[in-house]
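Asker: Requesting a structural model of the entry that follows:
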Amino acid sequence: MATTFNRLLGRLATAVALLIPVIAAQAQVTAGPGAWSANQTWAADSVNGGNLTGYFYWPTAQPTVAGKRALVLVLHGCTQTAAADVIDKAADNGYNWKAMAEQYGAVILAPNATGNVYSNHCWDYASTNHNRSTGHDAILLNLISRFVTNAQYAIDPNQVYVTGLSSGGGETMALGCMAPDIFAGVGINAGPPPGTTTAQIGFVPSGYTAATATANCKTLAGSNSAKFASQIAGVVWGTTDYTVAQAYGPMDAAAMRGVYGGTFTKGAAVTVPTGGSNIPYTDSNGKLRTSEITVTGMAHAWPAGTGGQNARYVDATKVNYPAFVMDFWFKNNLRVSTVAAPVMTACSATVAGTTATISGAATDAAGSITSYAVALTGPTPANDAAAGSGANFSKAYAGLANGYYSGSVTATDTVTQKTSAACTIAQFLVGPAPVIQPPTGLLVGATTASTVPLSWNAVTGAVGYNVYRNQIKVTATPLTATAYSDTGLAAATSYAYQVSTVASGAVESALSAAVNATTKSAFTCTSTSASNYAHVQAGRAHDSGGYALANGSNQNMGLDNLFYTATLSQTSAGYYVIGSCP
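Answerer: Model prediction:
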């Protein structure tokens, strides 16, 4: 009597579970503090002197494209600083980047120019020796690398951008030319092109044309020129800018089209809010590659839009350039698809006799779902890549053997080649509940970066056991042992495991209670105890005003000399913290 009652309870629980749609989980990246950081100290500049300092904004919002964050490098103009002009202050929003960081889930970098180039705190855009190894170019590329390689920020290397004003605009173009493999998009604001001098900011020198700028840009790129095929560029300038020649604006855009190659079609001018126009250019594939914004009545300034600073070469009365250029970059990025994958909104199973009907629904920003795929594990497995299409589907699978089943549904848009995350079908039962019980005592052993060991208690009457990872069976045939090691896994990833019992006649029990396991990071933490001077010399730390700061975390270790010692632990590439490894 008790056994019959328990079976009825089990069937009731299964029936209830089948009525609940399962929403596909979306991977989340770490949320930042949603504020500008304190002043940071980054790489040393052996050419111009001092260390690269500045600020970064790490948003609380999730990224909007491809599940990873964009990284935007913002370069101030001459006489400006990151603290006084770019980042938010009590009085205003500076260059007005915070809102865009949260809207797109992007990390923003606001460094200060090292040294005192051109005697006005400028970026060295007019350098005759642009290269990746020294000077402003090198320390800025190093800064990008620090964030891209630090897993906690979840930066997508295909969503790295650079923009700047005046000397920062010129340096933006230089970096975009030198490192098209790093920058997917550039935003040049009143920036003189490569090969011009500081004495030529107010006029285009005789004989210097867009073709000259194109040639100079290709020279800077060297062996990386092939990456121009997937870069985009925006240019902006004001109609009353008498500091940097307005002719450099369209010339910069034409030069970038020159390095991109092929033929281009000039689009109709589009009115810009607050006055001005934008002229788009598309390539032979119909892709938007450059935009040219002329801002009516704007002098030499960064157009910050409402809420931005309205002084010191920042104009809050004109178009919001951060909003415009982010929209331009995100909609037209050629290195990562900006079209979202379909999203499964529900999936379920209903059972009648030996037939299970699988249903599901999905949404698709790109259009209609072209196919659903159903995968079932159990006594009669199924792998159906053509279960249906459209906004929803329902398909019956007949002749299933008795036993417990689980599975998943995915939706695909074959036009965009995007497939949704899997929607997990709750475990369901065909026929009477098997007498055999699932194992108890499922335990996780010591994991590695790619392996999860499991063990469980033996079940009387069992002839074998099946192991399930995230409700998908991973054992090809039932195991006779009560232990299993799951291998070939991704590092630093969480998995859910369950085990079933198999009795004579291939009768399979329900799945056991789930246990969670997380693989270790592929990076092995190492600790080093040494003098602060030795840490700095070895590249584990850097000097700032006579103090040693740990690279990455910027934790202050004390005076940079032989008499102060510290233990530093490297927890990820280029990232050190004070103390021993956990």
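Asker: ranges for the helices of the stretch 251-400 of the chain?
Answerer: 321-332 (DSSP state H, counting those that start in this stretch).
Asker: Give me the below-cutoff pLDDT ranges for it.
Answerer: 338-339, 366 (pLDDT under 70).
Asker: so where's the stretch 401-550 of the chain shaky on pLDDT?
Answerer: 415-417.
Asker: got the residue ranges for the strands in it?
Answerer: 403-413, 418-419, 423-430, 443-444, 452-455, 464-469, 472-473, 483-486, 494-503, 507-508, 515-518, 526-531, 541-544, 547-550 (DSSP state E, counting those that start in this stretch).
Asker: right, and Ser455 touches Thr440 too?
Answerer: No. Using CB atoms under 8 Å, Ser455 is not in contact with Thr440; the gap is 11.5 Å. All C-beta atoms are positioned from the backbone trio N, CA, C, and that covers glycine.
Asker: More neighbours: which of those two?
Answerer: Ser455 (16 against 12; other CB atoms under 10 Å).
Asker: State the distance from the more buried one to Thr501.
Answerer: 15 Å (CB to CB, to the nearest Å).
Asker: Kindly report the same for Ala184.
Answerer: From Ala184 to Thr501 the distance is 52 Å (CB to CB).
Asker: got it, and Thr149?
Answerer: 46 Å.
Asker: Show me which of those two is the more surrounded one.
Answerer: Higher neighbour count among Thr149 and Thr501: Thr501, with 26 against 15, using other CB under 10 Å.
Asker: so who does that one touch?
Answerer: Ile436, Gln437, Pro438, Pro439, Val459, Gly461, Ala462, Gly464, Tyr465, Glu508, Ser509 (CB atoms under 8 Å, 6 or more residues apart in numbering).
Asker: what do you get if the cut-off is 7 Å, keeping everything else the same?
Answerer: Ile436, Gln437, Pro438, Pro439, Val459, Ala462, Tyr465, Ser509 (CB atoms under 7 Å, 6 or more residues apart in numbering).
Asker: With adjacent residues omitted, what lies nearest to it?
Answerer: Residue nearest to Thr501 in three dimensions, not counting chain neighbours: Ser509, with 4.2 Å by CB to CB, 6 or more residues apart in numbering.
Asker: Just confirm the one you found contacts Pro438, I think it does.
Answerer: Yes. The criterion here is CB atoms under 7 Å, and Ser509 meets it with Pro438 at 4.5 Å.
Asker: how far away is the closest residue to Leu442 other than its chain neighbours from Gly488?
Answerer: Excluding its sequence neighbours, the residue lying closest to Leu442 (CB to CB, 6+ apart) is Trp456, at 4.5 Å. Separation of Trp456 from Gly488 (CB to CB): 21 Å.
Asker: repeat for Ala154
Answerer: For Ala154 relative to Gly488 (CB to CB), the value is 23 Å.
Asker: quick one, which of these two is more surrounded?
Answerer: Between Ala154 and Gly488, counting by other CB under 10 Å, Ala154 is the more crowded of the two (18 against 7).
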